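Student: model the following, please.
(4 chains)
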Number of protein chains: 2
Amino acid sequence: MADPPEHTAPDPNEEIMRATYRALRKHGYADLTIKRIAEEYGKSTAAIHYHYETKDDLLAAYLDYLLDQFVDTVRDIKTTDPEERMELLLDKLLVDPVDHQDMLIAMLEMRSQAPYKEAFCERFQQNDEYTRYMLKAVINHGIDEGIFENVDAEHAARALMIIVDGARTRTVVLDEEDALATARRTADEYVTAILSTEEAADGIE
Amino acid sequence: MADPPEHTAPDPNEEIMRATYRALRKHGYADLTIKRIAEEYGKSTAAIHYHYETKDDLLAAYLDYLLDQFVDTVRDIKTTDPEERMELLLDKLLVDPVDHQDMLIAMLEMRSQAPYKEAFCERFQQNDEYTRYMLKAVINHGIDEGIFENVDAEHAARALMIIVDGARTRTVVLDEEDALATARRTADEYVTAILSTEEAADGIE
DNA sequence: CGCTATTTACTAACTGATTAGTCAAACGAC
DNA sequence: GTCGTTTGACTAATCAGTTAGTAAATAGCG
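Tutor: Model (predicted):
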């Protein structure tokens, strides 16, 4: 964004975020320690503590890092056509993660800590609200243009979010490889059957 | 099973399972220690180790205990009428958990450990297969009776499972109180729009 | 019945490893 | 030389798990 790093950008914060990711992937949240992050970082544990006062600070920063990455991928959808935009959004939410499965695992682990760490919960809520708003906006835009049925946009957006979160959870927990694909199909069925107006329908099943 | 306990059954295993539940609820999986379980149990840590060799053994036993409880609630649905049975199943999966939210939290926490503990993953897969089979059977039964459209029952069952898991995840992670209610409504929309035949349709929205 | 023998269920005290976090000293770059 | 960064050695707390010993219930047996 600022300037392309020549070879390797020795930005300590970025490096520590990457190291945290690798450590989280390798050992899981429950066994995520400063020592293990330091090992991935290639420096001592004190070096980590120089950049982040406490473990909680580091984890909060890491969560921001993770969620920002996600927001970035959604933000670069430029299309304004409701139908196409909906397709692309659903792809970003349900198809792209296939290639970033360990990020999905990391995310779920952080998520399961939300009930115990208010900082986590707030960040997830904020991120969710952003995505949900994007969906709701597309639906409302579609309704205005007569492409979508005049449904409760808020409910429809929440329904799609449930499908997204369900697929992600199942991919991780049950190692169900096609959970995302099934969800993509289900989301399409939902859009076609509940949202799309008759004239736009091109036959389900 | 053997004989009804007079006042309180001092079955140590059952007591330890309850203690584990309370400790998990209070501290979360990442901070779940033998000591904390022992505190809930009201005995020493060695007492826990007397009944369960390792922490992993205890947690595996606890997961069995949790999942058995869940299976029991689904098993006592007696209705054979496909439409009614589907409604009751969805209620069990999406309405009942409202009153057992901390069990939902405990479950999600255990779930997020699945990628790192094969024993956990297998148990969740088994439990999921059971529930999914129940749904698939109802759908197939409905298709046979002409109440449901001749759809891909396997896919429809998976779609409903995604909705269930999504709602549960969101309830826990985002503290979204009406996620389960939204999912219940979405599941009904799905059943009505995708499954139910024209004659059975009583109008959505 | 009555007297051991064993089993069940525990406790207090411990071990060695690991945890997050601290700090004085030192390194390397400008 | 000094500022930003890092290290090694440290602390106090906590971790899972072990040990020896004990009190009470249960079983075997005459």
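
Student: all contacts plus neighbour counts: C-alpha atoms, from now on.
Tutor: Fine.

Student: what's next to the least confident helix or strand in chain A by mean pLDDT, contact-wise?
Tutor: Between all helices and strands in chain A, the lowest mean by mean pLDDT, DSSP states H and E belongs to helix A:101-111, at a mean of 88. For helix A:101-111, the external contacting residues (CA atoms under 8 Å, 6 or more residues apart in numbering or on different chains) are A:21, A:24-25, A:28-29, A:63, A:66, A:97, A:120-121, A:124, A:168-169, A:172, B:109, B:112-113, B:115, B:173.

Student: for stretch A:39-48, same thing?
Tutor: With contact meaning CA under 8 Å, 6+ apart, stretch A:39-48 is reached by A:15-16, A:19-20, A:22-23, A:34-35, A:37-38.

Student: filter these down to the ones in strands?
Tutor: Among these, no residue falls in strands (DSSP state E).

Student: restricted to helices, list these.
Tutor: A:15-16, A:19-20, A:22-23, A:34-35, A:37-38 (DSSP state H).

Student: nearest to DNA strand D among those residues?
Tutor: Closest to DNA strand D out of those is A:Ala38 (7.9 Å), distances taken as CA to the nearest atom of the strand.

Student: does that closest one touch A:Met17 like I think?
Tutor: No - judged on CA atoms under 8 Å, A:Ala38 makes no contact with A:Met17 at a distance of 10.9 Å.

Student: could you list the low-pLDDT ranges of chain A?
Tutor: Residue ranges of chain A with pLDDT under 70: A:1-9, A:198-205.

Student: specify the local secondary structure of the residue nearest the centre of it.
Tutor: Using CA atoms, centre = their mean, the residue of chain A that lies closest to the mean C-alpha position is A:Phe70, 4.9 Å off. The local conformation at A:Phe70, judged by DSSP: H, G, I helix; E, B strand; the rest coil, is helix.

Student: can you give me the helices for chain A?
Tutor: A:12-27, A:34-41, A:45-51, A:55-75, A:82-94, A:101-111, A:118-144, A:153-173, A:179-190.

Student: return the distance of the third one from the chain's centre.
Tutor: This points to helix A:45-51. In terms of CA atoms, centre = their mean, to the nearest Å, the centre of helix A:45-51 is found 28 Å from the chain centre.

Student: restrict the ones in helices among the contacts of stretch A:39-48 to those near chain B?
Tutor: Counting by CA under 8 Å from any CA of the partner chain, nothing from the ones in helices among the contacts of stretch A:39-48 sits close to chain B.

Student: the residues you listed: which two are farthest apart?
Tutor: Farthest pair in these (CA to CA) is A:Glu15 and A:Lys35. Separation: 15.0 Å.

Student: from A:Ala119, how far out is the closest residue to A:Val71 other than its chain neighbours?
Tutor: Spatial nearest neighbour of A:Val71, chain neighbours left out: A:Asn127 (7.7 Å); criterion: CA to CA, 6 or more residues apart in numbering or on different chains. From A:Asn127 across to A:Ala119, the span is 13 Å (CA to CA, to the nearest Å).
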